[in-house]
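# Got a predicted structure plus its sequence, pasted below:
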Amino acid sequence: MDDMGGTRRCPCCGGGKAKVYDSRVRDSMGTIWRRRKCPACSHTWSTYEIGAAEYERIEAMSAAIERLRLALDTTSPVSP
């Protein structure tokens, strides 16, 4: 499951039901930082959740970078 109230699997052992033990809003865009811990192996890691506005901004930036990369690529023809 995802971070929308569901469980997050441990990236170390693959165990489920990792617990959130710290959660904070990071910035004005609503990014949420969560610190998680696996009850099976005690591995800890961080996750970040971004809002729709931040996601759209990142998508637009990625598309612009891809267009620039294609425009600068001289090994293959660029279609208009």
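Right, received. Where do you want to start? Numbering: from 1, shown residues only.
# Can you give me the distance of the residue nearest the centre of the chain to Leu72?
Centroid-nearest residue in the chain, with CA atoms, centre = their mean: Tyr48, separated by 5.8 Å. Noted for Tyr48: a distance of 30 Å to Leu72, by CB to CB, to the nearest Å. C-beta coordinates here come from the backbone N, C-alpha and C atoms, glycine included.
# Please apply the same query to Arg35.
For Arg35, the distance to Leu72 - CB to CB - is 40 Å.
# ok, now Ser23?
Applying CB to CB to Ser23 and Leu72 gives a distance of 41 Å.
# higher neighbour count, those two?
Between Ser23 and Leu72, Ser23 has the larger neighbour count (other CB atoms under 10 Å), namely 12 against 8.
# could you point out where the protein is predicted with low confidence?
Scanning the chain for pLDDT under 70 picks out the ranges 1-7, 76-80.
# How far off centre is whatever helix or strand Met61 lives in?
Assessed by DSSP states H and E, Met61 sits inside helix 52-72. What separates the centre of helix 52-72 from the centre of its chain is 16 Å, taken as CA atoms, centre = their mean, to the nearest Å.
# Then stretch 64-80?
26 Å.
# Could I get the buried residue list for it?
Residues of stretch 64-80 include none that count as buried (16 or more other CB atoms under 10 Å).
# Please, where are all the strands along the protein?
19-25, 32-37, 44-49 (DSSP state E).
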